[in-house]
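Chemist: Sequence and predicted structure are below.
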Protein chains: 2
Amino acid sequence: MATRVARTRLRLRKIPRQQRSAHMVETIVEAAARILETRGLAGFNTNAVAERAGVSIGSLYQYFPSKEALIAALSDRERKRLVAGIAETYRQAAAPDLVSALRPLVRAAIRQQLARPALARALDFEEQRLVLNEADRRTTQDIAGVVMALLGRHRRQVAVHDLEEAALDLIAIARALIDGAASRGHVEPAGLESRIMRAVLGYLTGRANVAA
Amino acid sequence: MATRVARTRLRLRKIPRQQRSAHMVETIVEAAARILETRGLAGFNTNAVAERAGVSIGSLYQYFPSKEALIAALSDRERKRLVAGIAETYRQAAAPDLVSALRPLVRAAIRQQLARPALARALDFEEQRLVLNEADRRTTQDIAGVVMALLGRHRRQVAVHDLEEAALDLIAIARALIDGAASRGHVEPAGLESRIMRAVLGYLTGRANVAA
DNA sequence: CAGTAATGCGAGTAATTACTCGCAATGGCT
DNA sequence: AGCCATTGCGAGTAATTACTCGCATTACTG
């Protein structure tokens, strides 16, 4: 008994040593993403991820010290994509006014989050449960930073004082509406964009003190 | 070994049989709430709840067939409170116009959710993970129903067509902003109310199609 | 081809935890 | 007081799962 029968091992011959590590990491992270979006957080365990990746648990733990670290890596990857998309969009836009500056950002956020809606939702979800690591916190701050920069540029059209609070609120609004739409299966970017824009502009420019 | 030493048992003498069951249920649900808000979802387990309630695990399982059932009961209780507060507020308000109809609802929601912020957040959170039971689904629908009724009454001031979608979106916005404020510890109802009102009114009345 | 460091493997371990079941205490009854 | 149905108890069980460790395989070096 307990005869160690080597089953189908990884075929690594093709990949030179130097690139192996990066390849393994990417394979495992992508497997984690797939498990998370198909089985949800409840069905997410390291053994399942390893199996999906076609890798042993031992190997998984060679690259990630813990389950949390794996989730953090995945979260970081997805967040970096979002940040990249948003930052790039912001840089390109000429941004003559508030509305035309905001719209592309909203559109970029929608496109990114709806590309893999279940994954985005699961992560949005997980990120508050998890005590975020430094890397995650940095990228979150990056998104808020871009929004703050935008608000700062159009200060005159904006009726809020606390720009950081506003940035965080706007991000929360966009997330909530995108996640909600995704959960209902209403994946119609145009309508969604319009709804988010209305809420966001109302937040920034509205006067809610209108008495009864 | 294994001598069954009865430790401090429940002192029930005071409570007549008929009321016992309800008392136990309430005690356990409240203990569940406290565990959830102090240790979070990760630290929430039935043994901890039983201990906190001063009740044995056996007793817990006498009243709740499963952990999920317990969470569902808690979720249901909190949600019913929210619905009650909102429905009552809606009934009382004369509601001459959209703004003065919406504001009390927003205020009621804020008050309810900030009464026990950690609990509200944990539940908001848990409710999407959980496949909601019929009771929960009904109460969710109840909140949306009140909002839809309100929107219907003020149709002329509202620029949206799909009232159900709008109701769900508005609830999501309010939740996101309240939960976000709670997580940051910014518990200042007045400012929060204003921010939510601006976003909500923007959503309902704004024209986001303003070209660049 | 032989030697060997690096790498992958996966059975096993320890910890957690939802849940059961047989027994003990209780208190309402006569 | 004595009976006994009801109710509470909590040690134990089974399942899950994060993670380890010693070994097998690989592929680079000469």
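Modeler: Arrived safely. Residues are numbered from 1 along each chain as shown, chains lettered A, B, ... in the order given.
Chemist: And the helices in chain A?
Modeler: A:17-39, A:46-53, A:57-63, A:67-92, A:98-115, A:117-129, A:134-153, A:163-184, A:189-205 (DSSP state H).
Chemist: Of all those, which one comes closest to B:Arg116?
Modeler: Nearest to B:Arg116 among those is helix A:117-129; the distance by C-beta to C-beta comes to 17.0 Å. For glycine as for every other residue, the C-beta is placed from the backbone atoms N, C-alpha and C.
Chemist: is any part of that closest one close to DNA strand C?
Modeler: No: Helix A:117-129 lies out of reach of DNA strand C by C-beta under 7 Å from any atom of the strand, never closer than 13.8 Å.
Chemist: State the separation between that helix and the centre of the chain it belongs to.
Modeler: A distance of 8 Å separates the centroid of the chain from that of helix A:117-129, by C-alpha atoms, centre = their mean, to the nearest Å.
Chemist: Tell me how many other residues crowd the residue in chain A positioned nearest to chain B.
Modeler: Proximity to chain B, evaluated over chain A using C-beta to the nearest C-beta, is greatest for A:Gly202 at 1.1 Å. Here the count is done by other C-beta atoms under 10 Å in any protein chain shown, and A:Gly202 has 25 residues near it.
Chemist: Please tell me how far the residue lying closest to it once chain neighbours are set aside sits from DNA strand D.
Modeler: Leaving out its chain neighbours, the residue that sits closest to A:Gly202 by C-beta to C-beta, 6 or more residues apart in numbering or on different chains is B:Gly202, at 1.1 Å. Here the criterion is C-beta to the nearest atom of the strand, to the nearest Å. By it, B:Gly202 lies 42 Å from DNA strand D.
Chemist: Got the confidence number for B:Gly202?
Modeler: At B:Gly202, the model reports a pLDDT of 98.
Chemist: where in chain A is pLDDT low?
Modeler: Along chain A, segments meeting pLDDT under 70 span A:1-15, A:17, A:131-133, A:135-136, A:208-212.
Chemist: Would you mind splitting it into its domains for me?
Modeler: A:14-64, A:74-205 (automatic domain parsing).
Chemist: Can you say which of the ones you listed is packed in most?
Modeler: Comparing the domains of chain A by mean neighbour count (mean count of other C-beta atoms under 10 Å in any protein chain shown), domain A:74-205 ranks first with a mean of 18.
Chemist: How far off centre is that one?
Modeler: Centroid displacement of domain A:74-205 relative to its chain, using C-alpha atoms, centre = their mean, is 10 Å.
Chemist: and the end-to-end length of that domain?
Modeler: 36 Å (C-alpha to C-alpha, to the nearest Å).
Chemist: follow-up on the earlier one: take the domains of chain A and write them to TSV, including distance to B:Arg175.
Modeler: What follows is the domains of chain A, written out as TSV (distance: least, C-beta to C-beta, whole Å):
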stretch	distance to B:Arg175
domain A:14-64	19
domain A:74-205	7
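Chemist: just to revisit the earlier point, got the helices of chain A as TSV, with distance to B:Ile110 columns?
Modeler: Below are the helices of chain A laid out as TSV (distance: least, C-beta to C-beta, whole Å):
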stretch	distance to B:Ile110
helix A:17-39	33
helix A:46-53	40
helix A:57-63	44
helix A:67-92	29
helix A:98-115	26
helix A:117-129	19
helix A:134-153	23
helix A:163-184	14
helix A:189-205	16
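Chemist: Among these, which comes closest to B:Leu74?
Modeler: helix A:117-129 (17.7 Å).
Chemist: got the contact list for the residue nearest in space to the middle of chain A?
Modeler: Closest residue to the average C-alpha location of chain A: A:Arg79 at 3.8 Å, with C-alpha atoms, centre = their mean. The contact partners of A:Arg79, by C-beta atoms under 8 Å, 6 or more residues apart in numbering or on different chains, come to A:123, A:136, A:139-140, A:143.
Chemist: I'd like the distance between it and A:Pro65.
Modeler: 20 Å (C-beta to C-beta, to the nearest Å).
Chemist: so does stretch A:39-57 get close to chain B?
Modeler: Yes: part of stretch A:39-57 sits near chain B under the criterion C-beta under 8 Å from any C-beta of the partner chain, namely A:40-42.
Chemist: contacting residues for the residue lying closest to A:Arg121 once chain neighbours are set aside?
Modeler: Spatial nearest neighbour of A:Arg121, excluding adjacent residues (C-beta to C-beta, 6+ apart): A:Asp179 at 5.1 Å. By C-beta under 8 Å, 6+ apart, the contact list for A:Asp179 reads A:113, A:120-121, A:124, B:172.
Chemist: Near DNA strand D, list only the ones from the residues you listed.
Modeler: Of the contacts of A:Asp179, not one also sits near DNA strand D (C-beta under 7 Å from any atom of the strand).
Chemist: which two from those end up farthest apart in space?
Modeler: Applying C-beta to C-beta across the contacts of A:Asp179, the maximum distance is between A:Ala120 and B:Ala172, 15.0 Å.
Chemist: outside of stretch A:186-194, which residues touch it?
Modeler: So stretch A:186-194 is contacted by A:103, A:106-107, A:110-111, A:114, A:117, A:177-178, A:181, B:165, B:208-209 (C-beta under 8 Å, 6+ apart).
Chemist: one more time with 10 Å, if that's ok
Modeler: Residues from elsewhere that reach stretch A:186-194 (C-beta atoms under 10 Å, 6 or more residues apart in numbering or on different chains): A:103, A:106-107, A:109-111, A:113-114, A:117, A:174, A:177-178, A:180-182, B:160, B:162, B:165, B:168-169, B:203, B:206-209.
Chemist: Could you dump the contacts of A:Asp179 into CSV and include distance to B:Leu130?
Modeler: CSV is the format used below for the contacts of A:Asp179 (distance: C-beta to C-beta, whole Å):
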residue, distance to B:Leu130
A:Gln113, 22
A:Ala120, 19
A:Arg121, 14
A:Asp124, 17
B:Ala172, 17
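Chemist: I'd like to know which of those is nearest to B:Arg195.
Modeler: Checking the contacts of A:Asp179 one by one against B:Arg195 (C-beta to C-beta), the nearest turns out to be B:Ala172, at 14.7 Å.
Chemist: residues touching the closest one, list them.
Modeler: A:172-173, A:175-181, A:183, A:199.
Chemist: what's the most distant pair in these?
Modeler: Among the contacts of B:Ala172, A:Ser183 and A:Ala199 lie farthest apart (C-beta to C-beta), at 17.5 Å.
Chemist: Please list which of the residues of stretch A:39-57 next to chain B are also close to DNA strand C.
Modeler: Okay, of these, nothing touches DNA strand C (C-beta under 7 Å from any atom of the strand).
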